[in-house]
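# Return atomic coordinates for the entry below.
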Amino acid sequence: MKKQKSCLVALAMFASASAFADNAESLVFYGVQGKADNAVELTNFRKITFGENGFNVLSQDGSTLQLNYGDVKSIKFKDLVNGIQSVTNGNASEMMLHFDGQYVWADGANGQQGAVYSINGQQMIGARLDGSRISVESLPKGVYVFKAGGKSIKFAK
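Alright, predicted model coming up:
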């Protein structure tokens, strides 16, 4: 029963995340061993129907993938693109902004003011940039903008 609920929660999350499907290649079903056991190309995906012991993934071509709740550990989009990309500069002497998952920093900032803003424009962190890294670990999950010297990069945490 617990596995059924877990699988239903995962499938509900999938249904609510269908807006992301435009940016992914396929829907991958991972088994209890953690291996990608089955995949359905999103261009061929039609719908999912639920039964007492499992669910069926129906494809546009008429084929059906039958899966038991207990055999599926997780469901993920393959090659999901979130639209947030790194910014690279062609000239090495120009200031470059960076994000590595835990810190933001600016090469070539030479004491300029920098700031991290939430996606709604609220300044979350402000600092004089001297080449050291600024921790963003305390920020909640979300999308942010790091600005300095007329340049900016978006990052997701």
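# Show me where the chain has its strands.
Here the chain has its strands, by DSSP state E, at 26-31, 36-41, 45-50, 54-59, 64-68, 72-78, 96-99, 103-107, 113-118, 123-128, 134-135, 143-148, 151-156.
# other SSEs contacting the third one?
In terms of contacts (3 or more CB pairs under 8 Å, 6 or more residues apart in numbering; DSSP states H and E), strand 45-50 is packed against helix 2-16, strand 54-59. For glycine as for every other residue, the C-beta is placed from the backbone atoms N, C-alpha and C.
# Can you give me the domain assignment for this protein?
Using automatic domain parsing, the domains assigned to the chain come out as 2-78, 96-156.
# distance between the last one and the chain's centre?
Using CA atoms, centre = their mean, to the nearest Å, we find the averaged C-alpha position of domain 96-156 to lie 19 Å away from the chain's own average C-alpha position.
# Is there a neighbour count for residue 56? I'd like the number.
Using other CB atoms under 10 Å, residue 56 has 13 neighbouring residues.
# and the gap between it and residue 149?
Per CB to CB, to the nearest Å, residue 56 is found 55 Å from residue 149.
# and if you look at residue 38?
49 Å.
# Same question for residue 99.
For residue 99, the distance to residue 149 - CB to CB - is 16 Å.
# about what we covered before: check the domains of the chain for me: which has the lowest mean pLDDT.
Of all the domains of the chain, the minimum mean pLDDT falls on domain 2-78 (a mean of 76).
# Residue 28 contacts residue 73, doesn't it?
No - counting by CB atoms under 8 Å, residue 28 sits too far from residue 73 to count as a contact (11.2 Å).
# Against residue 99, how distant is residue 148?
12 Å.
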